[in-house]
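Undergrad: Provide a 3D model corresponding to the input given below.
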Amino acid sequence: MKISHKGLSLIKAFEGVSLTAYQDVVGVWTIGYGWTNPVDGVAVHEGMVVTQDKADELLREGVKQYEAPVNKGVSVP
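TA: The predicted structure follows:
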């Protein structure tokens, strides 16, 4: 299974979005919904801006790493 639209909406509600890069509480450059990895090969940095569509794309990409372990470890009748 993949995360549903409702699941993504829940993450968005709790995480919040910033379309302009900011340093988190430990000084890591972050953008979108908590994205810290490079965006299209460019490290997140001061002054970086993404569109809402790109932030949504990064969120969908970010949750992929959790889908397989959840599918393997969770069984719902």
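
Undergrad: Stretch 50-66: how far from the chain's middle?
TA: Centroid displacement of stretch 50-66 relative to its chain, using CA atoms, centre = their mean, to the nearest Å, is 5 Å.

Undergrad: buried set for that stretch?
TA: Neighbour-count burial for stretch 50-66 flags 50, 54, 55, 56, 58, 59, 62, 63 (criterion: 16 or more other CB atoms under 10 Å). Using the backbone N, CA and C atoms, a C-beta is placed for each residue, glycine as well.

Undergrad: Show me the contact partners of it.
TA: Residues outside stretch 50-66 that contact it (CB atoms under 8 Å, 6 or more residues apart in numbering) are 3, 7-8, 11-12, 15, 17, 19, 31-35, 39.

Undergrad: Same question for stretch 6-14.
TA: 33, 56, 59, 60, 63.

Undergrad: can I get those residues in a markdown table with pLDDT?
TA: Shown next, in a markdown table, are the contacts of stretch 6-14 (pLDDT from 0 to 100):
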| residue | pLDDT |
| --- | --- |
| 33 | 97 |
| 56 | 97 |
| 59 | 97 |
| 60 | 96 |
| 63 | 95 |
